[in-house]
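**Q** Fold the stuff below for me.
(one chain, ligands or ions: 1)
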Amino acid sequence: MITVHHLQHSRSHRIIWLLEELELPYQIKAYQREARFLAPDALKKIHPLGKSPVITDENRVIAESGAILEYLERQYDTDYRLSLTHPDEQIQSRYWLHYAEGSLMPLLVMKLIFNQFNKPPVPWLLRPIGGLFAQGFNKAYLLKQLATHQAFIEAHLAEHAWFAGRTFSIADVQMSYPVLALQTRGDAGDFPATQAWLEKICQRSAWIRAQEKGGAPLAGTLE
Ligand SMILES: N[C@@H](CCC(=O)N[C@@H](CS)C(=O)NCC(=O)O)C(=O)O
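**A** Residues are numbered from 1 along each chain as shown. Presented below is the predicted three-dimensional model:
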């Protein structure tokens, strides 16, 4: 039996969503966020990094969203519901699968961390300096980077129904979390193709079931 070690409001929503798309039997072991939105130590008993998502399947422990999505698809999508046959779609799907965690999420996490520079546990005397530093870094670098990524995604979705191309795939599952995070940033601007894609994924019955079982992927903040 597949067990999803599911941290509330986290990337593991992706895994529950895929399992629902594939209509596979699985169980959820839920973990609550602790102070400063960190994962509880109990997750370190499953995998040394103590992050979510992580799944256990028989005697296997598999971490890292993209690796889990690929594993589940290859191992269990026996009736080829999500498999891509066109080589260009396969290449695109792999690109977005890696891009989500390799290029986009680090920027979003960086933004979250910099936004904490003027808050506890930073000593109160240093908070104004921390705040100014974060503001400067955001303005000079991070917001421009995020705007470039947002425009890149919008241009892709304006030309393609799904991230892989014409076909829904695990790339859409993987991209759901950072795209939602970009949207909840507040200054995302007007991105109609991205918005349309988000509406499409949120209307899928598997997405709705995943939300019912695991809760919302984001709690208005990231990590
Ligand atoms: N690249 C990893 C990131 C895993 C990760 O950082 N997960 C977050 C939840 S979205 C987490 O466990 N945060 C809690 C913590 O760092 O204590 C993946 O995609 O699986």
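**Q** which helices and strands does the top helix by length along the chain pack with?
**A** Longest helix in the chain by number of residues (criterion: DSSP state H): helix 143-159. Where contact means 3 or more C-beta pairs under 8 Å, 6 or more residues apart in numbering; DSSP states H and E, helix 143-159 is packed against helix 105-114, helix 170-184, helix 192-203. Bear in mind the C-beta positions are built from the backbone N, C-alpha and C, glycine included.
**Q** so can I have TSV of those helices showing mean neighbour count?
**A** Below are the helices and strands packed on helix 143-159 laid out as TSV (neighbours: other C-beta atoms under 10 Å):
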stretch	mean neighbour count
helix 105-114	16
helix 170-184	23
helix 192-203	15
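**Q** Turn the ones you listed into a markdown table, including mean pLDDT.
**A** What follows is these, written out as a markdown table (pLDDT from 0 to 100):
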| stretch | mean pLDDT |
| --- | --- |
| helix 105-114 | 93 |
| helix 170-184 | 94 |
| helix 192-203 | 96 |
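**Q** okay if I get the ones you listed as CSV plus distance to the ligand?
**A** CSV is the format used below for the helices and strands packed on helix 143-159 (distance: least, C-beta to the nearest ligand atom, whole Å):
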stretch, distance to the ligand
helix 105-114, 7
helix 170-184, 7
helix 192-203, 18
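**Q** Tabulate those (a markdown table), appending distance to Leu157.
**A** Formatted as a markdown table, the helices and strands packed on helix 143-159 follow (distance: least, C-beta to C-beta, whole Å):
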| stretch | distance to Leu157 |
| --- | --- |
| helix 105-114 | 18 |
| helix 170-184 | 9 |
| helix 192-203 | 4 |
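**Q** Kindly state which of those helices is positioned closest to Glu89.
**A** Closest of the helices and strands packed on helix 143-159 to Glu89 is helix 170-184, at 9.0 Å (criterion: C-beta to C-beta).
**Q** Quick check: buried residues in the longest helix of the chain?
**A** By neighbour count on 16 or more other C-beta atoms under 10 Å, the buried set for helix 143-159 is 145-146, 149-150, 153-154, 156-157.
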